[in-house]
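Novice: Okay, predicted coordinates and the sequence, questions at the end:
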Amino acid sequence: MTQDRNPHLNFHDVIILGAGAAGLMCAAVAGQRGRKVLLLEQSRYPGEKIRISGGGRCNFTNLHTSPANFLSDNPRFCNSALNGYTQSDFIALVESYGIAYHEKTRGQLFCDGSSRQIIEMLLEECGKAGVQLRLGARVAAIAKNENGFAVVADQGEHRCRSLVVATGGPSIPKMGSSGFGYKIAEQFGLKIVPPRAALVPLTFDAALLAQFKDLSGVSVDAVVSRGKISFDEALLFTHRGLSGPAILQISSYWRDGDDIIVDMAPGIDVLAGLKRLRGDHPRQEMATALAGFLPKRLARTIADVTGGPERIADFSDMHLLNVAAAVKQWRVRPNWTEGYRTAEVTLGGVDTSGLSSKTFETRSVPGLHFIGEVVDVTGHLGGFNFQWAWSSGYAAGRHV
């Protein structure tokens, strides 16, 4: 490791690795407390995941954020941070910058304009706090010493009292994300909850793809369940399998070998409807009958899969029950997910048992903090993961 000729030139109170949502928030809060902060980002631009989120409008929080919206091996770990910096606190910050926003659905808040407004707001907060931001900075090595930490990057060596890792998870690698934060954690002896893609489309095997090949692009409101967990949102058939909000949500709970149960006509008694049609329109084909409850292409596929007589009049009660079950209780086993390439977030990460829930400092290495997606806390779809970034970043920023 190279030695600085004048170590004071490259000494900071805090170095933060990663200028994403959590890192930017942490930097601004720490800087506003008078800390000398250096923010290192390997990409050429800060806040890239913020930029692409919400179709470019950034679903920056959710009005209904609570600990129940998060997954972790320690479900209570998120309570302190979420209570310490709430969705109302971030909304107040957004409003102070005059950023117009709207509620799209289910408490999800989006910018009226561009997600870049959120990035610019956070950069201005950092600027007012005197934060130094260095982009395109790749970290080669990190070491602990008696005064804190030494961080060797391709732009030089930097030293600090506190080091904050806000590097995210490996989801959406085209944005420059990776598992680098896990390597840092392992270097310092922290445990990792095995990471996996979350909020991600599910894929079919070849047999299922052949069966549903004509449904790509068809969307339907559905209730999707895995065990006792269920989500009632839109479902989308794709050329790979299933996507849409309901599928992204259940993907965080799905495991290899699990079935999911899909109700493609929530709130509708399909069996009673089919029996009524059998009496009122006996000459109808099943596909025509099902089209009263489902999109035509989906109705045709279910009719083909379930088989039966030409006319609905000739369907027995038992056969109608089977058709209704194919609509209301479709049991399907995905073969995998689309992986990190399309996953919105990463499940798992740095084990929270090694972190303080109030400061995010590691219990075994004083001065070392982990925040945001790199930690084993993952939110539901709908702005919850950004709120976790703001809340965890704020908590660490208050204590570094």
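Specialist: Looks like it arrived, so ask away. Predicted model only: the values in this text are computed from it and were never measured. Numbering: from 1, shown residues only.

Novice: hey, where'd the strands end up in the stretch 101-250 of the chain?
Specialist: Under the criterion DSSP state E, counting those that start in this stretch, the stretch 101-250 of the chain contains strands at 101-103, 108-111, 132-135, 139-145, 148-153, 156-165, 192-198, 202-203, 219-226, 229-237, 241-243.

Novice: Residue 133 reaches residue 46, doesn't it?
Specialist: Yes: using C-beta atoms under 8 Å, residue 133 is in contact with residue 46, at 6.7 Å. Glycine gets a C-beta too; all of them are placed from N, C-alpha and C.

Novice: Which residues are in contact with each of those two?
Specialist: Common neighbours of residue 133 and residue 46 are listed as 19, 39, 123 (criterion: C-beta atoms under 8 Å, 6 or more residues apart in numbering).

Novice: could you flag which of those are buried?
Specialist: Listed as buried from the shared contacts of residue 133 and residue 46 are 19, 39, 123; burial here means 16 or more other C-beta atoms under 10 Å.

Novice: ok, the last one - contacts?
Specialist: Residues in contact with residue 123 (C-beta under 8 Å, 6+ apart) are 24, 46, 47, 133.

Novice: Tell me the pLDDT of it.
Specialist: Model confidence at residue 123, given as pLDDT, is 98.

Novice: Residue 229 versus that one, what's the distance?
Specialist: The spacing between residue 123 and residue 229, counted by C-beta to C-beta, to the nearest Å, is 38 Å.

Novice: And for the second one?
Specialist: From residue 39 across to residue 229, the span is 37 Å (C-beta to C-beta).

Novice: swap in residue 327?
Specialist: Per C-beta to C-beta, residue 327 is found 21 Å from residue 229.

Novice: Spatially, which two of the contacts of residue 123 are the most separated?
Specialist: For those, the farthest-apart pair by C-beta to C-beta is 47 and 133; their separation is 10.8 Å.

Novice: neighbour-wise, which of the two wins?
Specialist: residue 47 (24 against 19; other C-beta atoms under 10 Å).

Novice: Now do the same contact list for the closest residue to that one other than its chain neighbours.
Specialist: Leaving aside its sequence neighbours, residue 47 sits nearest to residue 119 (C-beta to C-beta, 6 or more residues apart in numbering; 4.0 Å). By C-beta under 8 Å, 6+ apart, the residues touching residue 119 are 24, 46, 47, 50, 51.

Novice: so who does the second one touch?
Specialist: The neighbours of residue 46, taking C-beta under 8 Å, 6+ apart as the test, are 19, 20, 24, 39, 119, 122, 123, 133, 135.

Novice: per-residue pLDDT, the first one?
Specialist: Confidence at residue 19, expressed as pLDDT, is 98.

Novice: Next: residue 227.
Specialist: pLDDT recorded at residue 227 is 96.

Novice: May I see the contacts of residue 119 arranged in JSON lines, with pLDDT and secondary structure as well?
Specialist: Shown next, in JSON lines, are the contacts of residue 119 (pLDDT from 0 to 100; DSSP: H, G, I helix; E, B strand; the rest coil):
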{"residue": "24", "pLDDT": "98", "secondary structure": "helix"}
{"residue": "46", "pLDDT": "97", "secondary structure": "coil"}
{"residue": "47", "pLDDT": "97", "secondary structure": "coil"}
{"residue": "50", "pLDDT": "97", "secondary structure": "helix"}
{"residue": "51", "pLDDT": "97", "secondary structure": "helix"}
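
Novice: where do the helices sit along the stretch 201-350 of the chain?
Specialist: Secondary structure of the stretch 201-350 of the chain (DSSP state H, counting those that start in this stretch): helices located at 206-211, 245-251, 270-280, 286-290, 296-306, 317-328.

Novice: Oh, that last question was meant for the stretch 51-200 of the chain, not what I typed.
Specialist: 79-84, 87-96, 116-128, 180-187.

Novice: Run the chain-centre distance for the second one.
Specialist: Okay, so that is helix 87-96. 21 Å (C-alpha atoms, centre = their mean, to the nearest Å).

Novice: now the last one
Specialist: Averaged C-alpha coordinates place helix 180-187 at 21 Å from its chain's average position (C-alpha atoms, centre = their mean).
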